[in-house]
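Participant: With the sequence up front, the predicted model follows.
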Amino acid sequence: MSTIISKAGPSTSTSKPSTSTSKPSKQSKPPRLKPERPVWDEEPGAAAKAGKFIVLAVVVLAVLGPLYTIVLTSISSQATITQAGGLVLVPGEISFAAYQQILSGGVVTRAVLVSVGVTATGTALSMVVSILCAYGLSRPGSFAHTPILFTLLITMFFSAGIIPSYLLVSGLGLINTYWALILPSCISVFNIIILRGFFMGIDRGILDSARIDGASEWRTLTQIVLPMSKAVTAVIALFYGVGYWNAFFNAVLYINDSAMNPLQVVLRSYVLQGVSVPGQVDVGTGAAAGPALQMAVIVLAMVPILIVYPFVQKHFTKGVMIGAVKG
Amino acid sequence: MPPRAKGNLRLRFKRDRSLVLMALPAVILLGVFAYLPMLGNVVAFQDYSPYVGIPDSPWVGTDNFARVLADADFWHAVKNTLVITAFQLVFFFPIPIALAMLLNSLVNPRLRAAVQAVVYLPHFFSWVLVVSVFQQIFGGAGLLNQSLRANGWQAMDIMTNPDTFLFLLTSQAVWKDAGWGIIVFLAALSAIDPAQYEAAAVDGAGRWKRMWHVTLPGLRSVIVLLLILRLGDSLTVGFEQMILQRDAVGAEASEVLDTFVYYTGVQNGDWSYAAAAGLIKGLVSLALILTANKVAHIFGESGVYSK
């Protein structure tokens, strides 16, 4: 197992300069408009180019197409949906009735609040615990370093299983509490290893000079290490946040009180189990159509991801994942 | 890694106590939520009843294991699990590799970044969302059947057909995670020294020959690593995906090991029996990943960890 331990460090550290702020000049330079092909690489033929373009277009369309029609249907009026026969492909009359309806109180509104609360609390807690642990383990050779690290790593190879986990959570009296949605999934060893690899790559000279200036480990972490690690902490926060937001099975397992259900469980019951969305029955004046309501719930479940994603996405390739996955 | 100067243990503790203190919350959480449940596996050797608890439940030795191993339903779940794993190894695994090579061949960095941003996205959607999206497109009232009917054709049964469930599962997995899968391969591709391509080109190797002799060997260790991880995880396939679609396609097609444990244990209350099945799964998985690593070492690859 020593490869995980030793590799995560150096391999991340080689890619570190591109993630940290140490080379702003290279990053802020916009890519050239006409990038050059290396001289040894022959220009592909027209057919090959067209083939590549078609494959890429199909891939992009396969991802974005379904999202497009779902979002569009969610903001279409009853008449447009009826005319299209279900899902809307061509924009017609726009109406936000579906969102007004599901967000004006009721099951979906409550589920959104539950999900937001669990995600915010959980992510904050996970980040604090993970950053502390990663920093605490970032000095090989420190007291109890290896035993603690192994304690973490073993859980990546053997997990206890569903039944004992359920018995534990119920034994702790956490069934039907929001803690059951947070504590069992609070730390991901994988995320800690990524953070640790990054912290290990930080120049020892900086940390040493901080210590000589009298900074404690706590102060070094909060005032020197963390400001240098914005990109990696953003990515890890995204991983945790998405994990909590998307968690579905924990809620099925540990929550029996339907008033406490997070959004994913509600999404399942409306879209996959055919429970009708409240308000769907009174198709009177102004009420949104059934499909629009369903789509609106789907869109609600993806909106937070769509909002955060663009800001964090650019950091994925810049070495954060590379080092981690190699390790 | 250079070991730090080893001093007196007490001195080292004094020096590093804030570091140890920092690691402590995570260790406690793991202790409670990962290690305690490992001990909880003792219920597999009991006739556990939630009303009397672990200390007072009668011990039955390995009876539960004998029952599990003689259970046709268990073996059916094993079979489904392995078939799905094998199928996805053939039809899922190569896609990210091909896609990464395609992206890597794009010269324009903006186009490349744009495509990457799009294909990574579905990885961050939940399984509920992914299955919901498929339902809207391919379901009985979905986009596909809606346009088939509009053109006077027969509607297709995709979401509820057990016979084609294997394809459905795999397409969902591809839609969600194939894009994300390329990230590792792109990293490996960017690590290949361009001088190798240049030398190959000078020696007269064309596009395909360069791909075969430079690109693929450059990807080999990553491919081996991911194969090992996948093989070690053979017994784990799309748990949430199965639960979500069990009502639609039935248990026959969608029962895998994890769902077997969940339904016999939590749903039917046969706790000890399900715990035994789960423990078998955990131990076999552990053995699989250790074996896969051993094999990788024999072939001279570094694997997940070295000796």
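Facilitator: Everything's here; your move.
Participant: mind listing what's buried in the biggest helix by length in chain B?
Facilitator: Secondary structure of chain B read by DSSP state H shows that its longest helix is helix B:271-298. By 16 or more other CB atoms under 10 Å in any protein chain shown, the buried positions in helix B:271-298 come out as B:271-282, B:285, B:288-289, B:292-293, B:296. All C-beta atoms are positioned from the backbone trio N, CA, C, and that covers glycine.
Participant: Provide the secondary structure category for residue B:156.
Facilitator: The three-state label given to residue B:156 by DSSP: H, G, I helix; E, B strand; the rest coil is coil.
Participant: For it, which residues are in contact?
Facilitator: Shown in contact with residue B:156 (CB atoms under 8 Å, 6 or more residues apart in numbering or on different chains): B:138, B:144, B:145, B:148.
Participant: Quick check: it vs residue A:84, distance?
Facilitator: Distance, residue B:156 to residue A:84, by CB to CB, to the nearest Å: 19 Å.
Participant: does residue A:71 belong to a helix or a strand, and which?
Facilitator: If you go by DSSP states H and E, residue A:71 is part of helix A:46-74.
Participant: So for that helix, mean pLDDT?
Facilitator: Per-residue pLDDT values over helix A:46-74 give a mean of 92.
Participant: Against which helices or strands is that helix packed?
Facilitator: Where contact means 3 or more CB pairs under 8 Å, 6 or more residues apart in numbering or on different chains; DSSP states H and E, helix A:46-74 is packed against helix A:290-315, helix B:94-104, helix B:109-120, helix B:127-138.
Participant: want to throw those into TSV with distance to residue B:216 and mean pLDDT?
Facilitator: Formatted as TSV, the helices and strands packed on helix A:46-74 follow (distance: least, CB to CB, whole Å; pLDDT from 0 to 100):
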stretch	distance to residue B:216	mean pLDDT
helix A:290-315	28	88
helix B:94-104	9	93
helix B:109-120	20	89
helix B:127-138	31	92
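Participant: Could you tell me which residues of the stretch 201-327 of chain A lie near chain B?
Facilitator: Neighbours of chain B within the stretch 201-327 of chain A, by CB under 8 Å from any CB of the partner chain: A:216-218, A:221, A:238, A:242, A:245-249, A:252-253, A:264-265, A:267-268, A:271-273, A:291, A:294-295, A:298, A:301-302, A:305, A:309-310, A:313, A:316-317, A:321-322, A:325-326.
Participant: Narrow these to those that are buried.
Facilitator: Among these, the ones that count as buried by 16+ other CB under 10 Å are A:217, A:221, A:238, A:242, A:245-249, A:252-253, A:264-265, A:267-268, A:271-272, A:291, A:294-295, A:298, A:301-302, A:305, A:309, A:313, A:316-317, A:321-322, A:325-326.
Participant: Would you indicate which residues of stretch A:210-224 are buried?
Facilitator: Buried residues in stretch A:210-224, defined by neighbour count with 16+ other CB under 10 Å: A:210, A:215, A:217, A:220, A:221, A:224.
Participant: Quickly find the element holding the first one.
Facilitator: By that I understand residue A:210. Residue-wise, residue A:210 maps onto helix A:204-212 under DSSP H and E.
Participant: For that helix, C-alpha coordinates in PDB please.
Facilitator: Output in PDB follows, covering the C-alpha atoms of helix A:204-212 (Å, rounded to 0.1, in the frame of the first residue of the first chain):
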ATOM      1  CA  ARG A 204       8.500  22.900   2.700                       C
ATOM      2  CA  GLY A 205      10.500  26.100   2.800                       C
ATOM      3  CA  ILE A 206       7.300  28.200   3.100                       C
ATOM      4  CA  LEU A 207       6.000  26.100   6.000                       C
ATOM      5  CA  ASP A 208       9.400  26.100   7.800                       C
ATOM      6  CA  SER A 209       9.700  29.900   7.600                       C
ATOM      7  CA  ALA A 210       6.200  30.200   9.000                       C
ATOM      8  CA  ARG A 211       7.200  28.000  11.900                       C
ATOM      9  CA  ILE A 212      10.400  30.000  12.500                       C
END
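Participant: counting contacts, what elements does it pack onto?
Facilitator: Against helix A:204-212 (3+ CB pairs under 8 Å, 6+ apart) you get helix A:217-220.
Participant: Flag every buried residue along the helix or strand just after the helix it packs on.
Facilitator: Moving toward the C-terminus from helix A:217-220, the next helix or strand (DSSP H and E) is helix A:226-228. Going by neighbour count (16+ other CB under 10 Å), the buried part of helix A:226-228 is residue A:228.
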